[in-house]
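Asker: With the input below, show me the fold.
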Amino acid sequence: MTALPYVDGNMLDGPLGEVFAVDLSTATARCAHCGTTGPVAGLRVYSHAPGLVGRCPTCVEVMVRLVRAPDRAWLDLRGTTFLQIPIP
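Answerer: Numbering: from 1, shown residues only. Have a look, this model is predicted:
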């Protein structure tokens, strides 16, 4: 079997930069726990931790975690089945 050609992850820099350069509050997300779908702006966000925690407004399970440092950020979307981002 012939292996398909590939390039390294640097190829994603431009496309991901275009995606994350938009207002994510208008993005739609689906909760991996209960299946509720709605705008990211509708999440319940708790900021009392070292970062931000976005919970589903229906079942209150964690959907998004964001932790920032001066020189980097960590984004955990394990609680979402998808994040649909409108691109103008």
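
Asker: Show me the contact partners of stretch 74-88.
Answerer: 18-19, 22, 24, 26-33, 35, 40, 51, 56, 61-68 (CB atoms under 8 Å, 6 or more residues apart in numbering). Where C-beta positions appear, they are placed from N, C-alpha and C, glycine not excepted.

Asker: again, only this time at 6 Å
Answerer: 19, 22, 26-30, 32, 61-67 (CB atoms under 6 Å, 6 or more residues apart in numbering).

Asker: Now, those that are in strands?
Answerer: Under the assignment DSSP state E, these contribute 28, 29, 30, 62, 63, 64, 65, 66, 67 to strands.

Asker: Of the contacts of stretch 74-88 - the most surrounded one?
Answerer: Of the contacts of stretch 74-88, residue 63 is surrounded by the most neighbours, 27 neighbours in total, counting by other CB atoms under 10 Å.

Asker: How much space separates that one from residue 45?
Answerer: 10 Å (CB to CB, to the nearest Å).

Asker: need the contact list for residue 25.
Answerer: Here residue 25 is in contact with 40, 41 (CB under 6 Å, 6+ apart).

Asker: low pLDDT regions in the protein?
Answerer: Applying pLDDT under 70 to the chain flags the ranges 1.
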